[in-house]
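Student: just need the structure, nothing else, for what follows:
(12 chains)
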12 protein chains.
Amino acid sequence: MTVVRSTLPDEASRVAGKALQDTLVDLLGLSLIGKQAHWNVVGPRFRSVHLQLDEVVSTARTQADTVAERAATLGVPPDGRPETVAKVFALPVPEEGLLRDADVVRLMADALGAAIVRLRERVDATEKADPVTQDLLISVTAELEKQRWMFEAESTPAGA
Amino acid sequence: MTVVRSTLPDEASRVAGKALQDTLVDLLGLSLIGKQAHWNVVGPRFRSVHLQLDEVVSTARTQADTVAERAATLGVPPDGRPETVAKVFALPVPEEGLLRDADVVRLMADALGAAIVRLRERVDATEKADPVTQDLLISVTAELEKQRWMFEAESTPAGA
Amino acid sequence: MTVVRSTLPDEASRVAGKALQDTLVDLLGLSLIGKQAHWNVVGPRFRSVHLQLDEVVSTARTQADTVAERAATLGVPPDGRPETVAKVFALPVPEEGLLRDADVVRLMADALGAAIVRLRERVDATEKADPVTQDLLISVTAELEKQRWMFEAESTPAGA
Amino acid sequence: MTVVRSTLPDEASRVAGKALQDTLVDLLGLSLIGKQAHWNVVGPRFRSVHLQLDEVVSTARTQADTVAERAATLGVPPDGRPETVAKVFALPVPEEGLLRDADVVRLMADALGAAIVRLRERVDATEKADPVTQDLLISVTAELEKQRWMFEAESTPAGA
Amino acid sequence: MTVVRSTLPDEASRVAGKALQDTLVDLLGLSLIGKQAHWNVVGPRFRSVHLQLDEVVSTARTQADTVAERAATLGVPPDGRPETVAKVFALPVPEEGLLRDADVVRLMADALGAAIVRLRERVDATEKADPVTQDLLISVTAELEKQRWMFEAESTPAGA
Amino acid sequence: MTVVRSTLPDEASRVAGKALQDTLVDLLGLSLIGKQAHWNVVGPRFRSVHLQLDEVVSTARTQADTVAERAATLGVPPDGRPETVAKVFALPVPEEGLLRDADVVRLMADALGAAIVRLRERVDATEKADPVTQDLLISVTAELEKQRWMFEAESTPAGA
Amino acid sequence: MTVVRSTLPDEASRVAGKALQDTLVDLLGLSLIGKQAHWNVVGPRFRSVHLQLDEVVSTARTQADTVAERAATLGVPPDGRPETVAKVFALPVPEEGLLRDADVVRLMADALGAAIVRLRERVDATEKADPVTQDLLISVTAELEKQRWMFEAESTPAGA
Amino acid sequence: MTVVRSTLPDEASRVAGKALQDTLVDLLGLSLIGKQAHWNVVGPRFRSVHLQLDEVVSTARTQADTVAERAATLGVPPDGRPETVAKVFALPVPEEGLLRDADVVRLMADALGAAIVRLRERVDATEKADPVTQDLLISVTAELEKQRWMFEAESTPAGA
Amino acid sequence: MTVVRSTLPDEASRVAGKALQDTLVDLLGLSLIGKQAHWNVVGPRFRSVHLQLDEVVSTARTQADTVAERAATLGVPPDGRPETVAKVFALPVPEEGLLRDADVVRLMADALGAAIVRLRERVDATEKADPVTQDLLISVTAELEKQRWMFEAESTPAGA
Amino acid sequence: MTVVRSTLPDEASRVAGKALQDTLVDLLGLSLIGKQAHWNVVGPRFRSVHLQLDEVVSTARTQADTVAERAATLGVPPDGRPETVAKVFALPVPEEGLLRDADVVRLMADALGAAIVRLRERVDATEKADPVTQDLLISVTAELEKQRWMFEAESTPAGA
Amino acid sequence: MTVVRSTLPDEASRVAGKALQDTLVDLLGLSLIGKQAHWNVVGPRFRSVHLQLDEVVSTARTQADTVAERAATLGVPPDGRPETVAKVFALPVPEEGLLRDADVVRLMADALGAAIVRLRERVDATEKADPVTQDLLISVTAELEKQRWMFEAESTPAGA
Amino acid sequence: MTVVRSTLPDEASRVAGKALQDTLVDLLGLSLIGKQAHWNVVGPRFRSVHLQLDEVVSTARTQADTVAERAATLGVPPDGRPETVAKVFALPVPEEGLLRDADVVRLMADALGAAIVRLRERVDATEKADPVTQDLLISVTAELEKQRWMFEAESTPAGA
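Tutor: Presented below is the predicted three-dimensional model:
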């Protein structure tokens, strides 16, 4: 029973809806692991990394909301329930317990990097199906790439 | 390797830490199902319920952060990773797909009600172990009970 | 012993002062029954009516303050003590206990309607005595009429 | 017909509900007499006392709302209607008409002092019944005691 | 006499300018019928729909301004005068007089749906002519589709 | 079928309602031609006039909303649909296309001047029917007269 | 050479213009003596009176601006130059040098009282000439009467 | 009777006090003539000059307050009463009635220029007497010179 | 030594990086010449042009930052050092010394026009290489075209 | 001579008053050493630690004020004079002169840790005497423990 | 071991550093005694003095921070530890326990007066050594003199 | 052709103008190299240094504007065009490409240090010519010295 009619043809809705659902899981997962690291990071860079992670979480939450509402708009009910996120989320996840600062920086750069590879495929996949969805995914990519840059820049060795 | 020393004796830390970890999972789970309903609710009360759910999510997120940082403060690393949340979360979860407004209101009242029963046990359990943690759990309970009241009030039949 | 001298002749002060004192009781009473309904309303429209009532209460409190200070300005000490309000207040009051949403909407429309009838008489009565007081009562009327319209519009049956 | 189910056992609800209802009347009464004095105070300290009273009123209104919603949360419909307030309110009330500044300061210190004695009994009474309600009453007490201190300090004679 | 030179070739200006002018009329028309419904809606959902319509109006006004200034930027003077809007506007318009809430929700969903169909054609039409204009029309589409979703979700029957 | 009952006698409602409906059309028309000029003005004073017009538009929109809600409050459904505005609006309208700055200043002074003449008649007409409506029309007049003054002052020749 | 044409007949403009010009001088004068007292007051109530005077000055300046722009709107150029203010201002003025607090309170009550007597005459005088101007003068009166009340209340003897 | 003791030797107080009193009159006078021009300016640049003048007035008022309180701080009661300002103010004053825009710009540049010449003398005069006062006069000069520059720049002929 | 790895293939990074670096120089240059004109403009339109230029500068600075961080994100270190800007910047630059207002308006329209021509080429060049970069350049173009329109509109002759 | 009467029995006042006075000295001392470190810290983590210390200082100052006013409320005059603080303060204090960043982090963790041990004893001591004071001390403890956690987390070695 | 190099010659650094260190102690001491009086003042002027003292404290804290960072900037580590403040602070200090309002006003006027005498000597002493430090000390003096004026004005007898 | 007349004698204008022009180039250059480092810094301290540099840039831009407008005020047209900045700027400039964090910190400390040496000479040079300009240069020096201190403190080795 689909009660919200899409403004797109069925096939286009399906393609765009799948790209959005997959992105939703990545973003919700990122927001959870971002918080996990926010709470468990230790080391001399604690404060800096602790604050930086909250910006990632804030970004991921806002984007998850936009992405999920876009799916709903296309008549494709988004799924962000705990079990779905746990089952589908495929990016790197931190170990249990305390996390050293340099490891967190590396992990976030990797997790964001992996999310971006997947997003770029979805940007291509939605170009024909729905330019509105594509435009949204481009802006998600832009933001995550910026976040990744900052963790990358931070994971290089210090100057003399 | 526990690098953050607790300010409490070991047993007290363990008791308080467990109460906080269990509360953390309930709150993260509530924030995820709250958003799930926020995106998928339909029916004449869509707008009202849609907005109300965002207040629950906002409350649950803020409280989850406070609860997790309290655990970290006691030297007990909190665990809010996707798999942990999925495995441990035991409150009612919405079905996949669109959700009728009255069903959402009922579900949230039940989920909050179940969370409150568990919280009240933890309030008792932490009284001796750590009054600071108990005080925090009391304030979480107060807020969730208020949210539950509003969904309860909303799930009674309309006036003539 | 009247220590604050009025800027009006005695009779004009008396007329304007009486109109203001009567309006004060109506507004304080409205703020109390608005809160009573805010706390006790139940039914599917709970959230919408709950929020709407707080706007009525906020308006009534602000206006009560302005009206009372106008009386004081004219050398007529306003009386808003609990017993005075209880004795003089003559608008419809909700029953004890929970209130169904549709009943609340009807009650507020009626209470505001009754207050407006009385206000319009006072607008006439103060025209000669004090145009400043009349202008204030006109603006109170305008605001209460707007609030009443919204409850009236809400108490009509739903569309198909 | 009680449609909002409590999260507490019946007896605990009854005890907490009674403490909250009695506190509600005290706070609504304080907000009304605070405004009465705000409008009618005269004397060299007019401006200072006039402003200070608005802080008491603002505090009392906010607390009354929290207290009443806590009662509703426990399934005990709060009663703040004009007649209930007038009948039950038992704290000192100002005389009709203008009030000298020193008398207002004394009256408010006494009214707040009387309210605090009653609140401290309710803090004891709710300890077992509901720690959430107790915690709320403790914070109401803390705030009223601070307000009372300021009126007390103000009612001592001036320096040389 | 065209005094503002375009930054595009003539044909591209013409194509983009026409898409913008047509969109301008749709948006101005939507802002007028949104306000019409905002003022005349009645029924139990009055408050919720009344507020929701103001968000549509606010969105439509902001977008109309952006769209018209984009046309001006391309050297194509936009036309949003009353007579032009009345003559060209082709989306559903509410009847005269009071409007039942469910009818308003349906009407807005239909009007927004019709506007979106036309916008998607313009997104295609401007792709080659001017990617800047296309990007703007994509963002207008995204926003109107979100608004439409909410009215669609609201026009489904209530839950049990 | 009039479902919102007026707080005025029928004849008074009719008189006030007509004055409000006529004013609504003038204000909506002014907001549309103000925007038209805002987008199409050219000349050395472009920026100054462009900004000034947005203040007129903002004022006219806010007043239109207040005026229409006043009509609704009196049980007279306002009509601001595109066709109604186009048919009834009788103030000067700018030509199609670009507009020289001095011409815009002159046009707005004239359009506002014409609106004011009509408003002053309605102020007289509503004095007996409804002082609340009259008071609202007086404040609309005051604001439009101030706006007109500024365009008048601007259309005089420059100093040496 | 009058280049800003009035929207009123000549005689009405003259009457309203004179009322506004006279009010302008009173308000500018009040703002200057308010500041004079703000700087020179001494005594135990220094801080309270010092702050209160700034509210009078702020009110008087805002009203002076509104009143002068109203005159300009009617084609009557307002005159607020130093010499004009000095020559025409007829309200009580403080002595040179330091001023005792109780004397300042008395002086301000008297100056505001004298201004109000004159304003009430102008409210009568403009009723026929221009209801817009009258409405403005009524609101100036309301505000000055409130300020006067506070100084009056403050100039009564202290309580026991 | 000087009740506020200065923190400076008598002669230094006298020198600084005189410089401050003279500056006070200049600033109060500038604020009055700035407003006079704000209300009476006409011509194509009306809006721009009208807004610019309010910035001069706002600056002059803020500085006048600081300067007068500095005098009071030094035990020298400042005098800003209407008659004092009128008698002592010696900068150019606008004619009665409407003022052409270019003339206003010229007048303000000249008035500010004259004020600056006098200020620079006071900066020299207070260097030894009181570096705190000198520092304040330097900052007044800096601000007035900036304002003057803008009027100067504006009074040059337009580009081709 | 490139330590920040790109998320794009090498060739795509190179193309996008070059487009971004060239745009960076244009934007930094525009911000410098915008300020130069902001400080040196003279003529009757001084204030209007002075303020308008600050909006260009603010826009150019914000965009320069976004563009440079995008380059860094792609592993292409941006170069905005004084010498680089001076050597590469190829848009029109104002003469030394004072600038007449009409000349500034013309110069800015031309400089922005030249920047836009180059941006449109880069929008084409990056379409395949990186849609995220293209999207960013489209939004830079949109904003600069709007700024250019306003200077163009301002450089047409005044109305009669 | 104790002029502010307590709302508690004498012994309870004495116990609570002592706990508050001791806490006051700890908090004032923490605010002073936090600032000392804020000014004198050097090393690669300068900026991060410099900012973090200001949060400790801000927290300690706010809490000191609340704690001292609570003592005053109980009729026990708080003592926070320089000599009292210096004599009674018993937490670790930084050496004179520049401080290396890692040493500051360690010192603050230790100082906060020592303060917390003392606070937990006072929480126990005040449970019977005054639950309001106990509640305040619990919230002070919660906040200082959170601050201590962050310095602890920061004093662990960096990740690989 | 001085690791932060000064930008001044050694002797100049020494002179400026000493002036800053001495001022730091005065300001920290003033902030502590200001709070002491804020908490312990009693009498009819309690509220007014209580609020005024918080402004002194806020000013003293902000200035202390600026002064200490200026010392650090010159390579002279500031010392604001409890023991240093207690040992060096030489201004009047309030007695233990409650303080009558008039006594507090007198004490603050005296303490500020003593601080100003010392500051004026430091202004002279730093003129040659470092004009940047001198400028900062001048602004500290200006602010403390203003605060002192207000306490002085307040300690004169009341008007009749 | 100098159309803005100076308020200073010619020689004084020349001296002050030269000091301001040289300072302008230093500040514009600092803002450009600050941004260059902001974009290209890498290393574990990336985030901290990245944020700190934006504060330097923001300060330098604001000061550049003030300095340039001061020059214009004195009739000396400031020159901040790209080529001028490149040719005249003589402070250390970062290498092309990525920059290690410690190197950036060192570079900024050195660049600010060099700028300060030059500023102190200009403070001396302008003392006689124009105390207003001198005062401005003193405040620029104070701010840059504070920024330099923070980079200096950051470039010392870490604690144990």
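
Student: how much space between the closest residue in space to residue A:113 that isn't next to it in sequence and residue A:111?
Tutor: Of all residues not flanking residue A:113 in the chain, residue A:148 sits nearest, at 5.7 Å (C-beta to C-beta, 6 or more residues apart in numbering or on different chains). Backbone N, C-alpha and C define where each C-beta goes, glycine included. Plainly put, residue A:148 is 9 Å away from residue A:111 if you go by C-beta to C-beta, to the nearest Å.

Student: over to residue A:99?
Tutor: Using C-beta to C-beta, residue A:99 is found at 13 Å from residue A:111.

Student: tally of neighbours for residue A:114?
Tutor: Residue A:114 has 15 neighbouring residues, counting by other C-beta atoms under 10 Å in any protein chain shown.

Student: distance between the helix or strand where it lies and the chain's centre?
Tutor: Assigned by DSSP states H and E, residue A:114 belongs to helix A:101-126. Chain-centre distance of helix A:101-126: 8 Å, with C-alpha atoms, centre = their mean, to the nearest Å.

Student: how about stretch A:122-132?
Tutor: Centre-to-centre, stretch A:122-132 and its host chain are 18 Å apart (C-alpha atoms, centre = their mean).

Student: what of stretch A:78-94?
Tutor: How far stretch A:78-94 lies from its chain's middle: 11 Å, per C-alpha atoms, centre = their mean.

Student: is chain J contacted by it?
Tutor: No - taking C-beta under 8 Å from any C-beta of the partner chain as the criterion, stretch A:78-94 and chain J are apart, separated by no less than 11.8 Å.

Student: wait, does that stretch make contact with chain B?
Tutor: Yes - applying C-beta under 8 Å from any C-beta, one finds stretch A:78-94 touching chain B at A:78-83, A:85-87, A:89, A:93-94.

Student: mean confidence for the strand or helix carrying residue A:140?
Tutor: Per DSSP H and E, residue A:140 falls inside helix A:131-154. Taken as a whole, helix A:131-154 has a mean pLDDT of 98.

Student: low pLDDT regions in chain A?
Tutor: Within chain A, the stretches with pLDDT under 70 are A:1-3, A:158-160.

Student: centroid-nearest residue for it?
Tutor: Chain A has residue A:27 as the residue nearest its centroid, 2.9 Å off, counting by C-alpha atoms, centre = their mean.

Student: that residue contacts residue A:58, correct?
Tutor: No - using C-beta atoms under 8 Å, residue A:27 is not in contact with residue A:58, being 11.6 Å away.

Student: could you give the angle of whatever helix or strand residue A:69 lives in to helix J:46-73?
Tutor: Secondary structure from DSSP H and E places residue A:69 in helix A:46-73. If you take axes from the mean of the first three to the mean of the last three C-alpha atoms, to 10 degrees, helix A:46-73 sits at 90 degrees to helix J:46-73.

Student: next, the buried residues of helix A:46-73.
Tutor: Along helix A:46-73, these residues count as buried under the neighbour rule (16 or more other C-beta atoms under 10 Å in any protein chain shown): A:46-50, A:52-53, A:56-57, A:59-61, A:63-73.

Student: next SSE downstream of the helix or strand hosting residue A:33?
Tutor: Following DSSP H and E, one finds residue A:33 within helix A:10-40. The first helix or strand that comes after helix A:10-40 along the chain, using DSSP H and E, is strand A:41-42.

Student: and that following strand, is it in reach of chain J?
Tutor: Yes - residues of strand A:41-42 contacting chain J under C-beta under 8 Å from any C-beta: A:41-42.

Student: what lines up beside that strand in the sheet?
Tutor: Strand A:41-42 has its sheet partners listed here by DSSP bridges as strand A:99-100 (parallel).

Student: gap between the two ends of stretch A:117-137?
Tutor: 12 Å (C-alpha to C-alpha, to the nearest Å).

Student: so what touches that stretch?
Tutor: A:8, A:11-13, A:15-16, A:19-20, A:22-23, A:26, A:66-67, A:70, A:74, A:138, A:140-141, A:144, E:123, E:134-135, E:138-139, E:141-142, E:145, I:7, I:131, I:135 (C-beta atoms under 8 Å, 6 or more residues apart in numbering or on different chains).

Student: would the helix holding residue A:33 count as contacting chain B?
Tutor: Yes - judged by C-beta under 8 Å from any C-beta, helix A:10-40 and chain B are in contact via A:28-29, A:32-33, A:35-36, A:39-40.

Student: thinking again about what came up before, quick one: the helix holding residue A:114 to helix A:131-154, angle?
Tutor: Using the same axes, to 10 degrees: helix A:101-126 against helix A:131-154 is 160 degrees.

Student: what residues of helix A:101-126 count as buried?
Tutor: Neighbour counts over helix A:101-126 (16+ other C-beta under 10 Å) mark A:101-113, A:115-116, A:118-120, A:122-123, A:125-126 as buried.

Student: same question, stretch A:4-23
Tutor: Buried positions in stretch A:4-23, judged by neighbour count with 16+ other C-beta under 10 Å: A:4, A:6-8, A:12-13, A:15-23.
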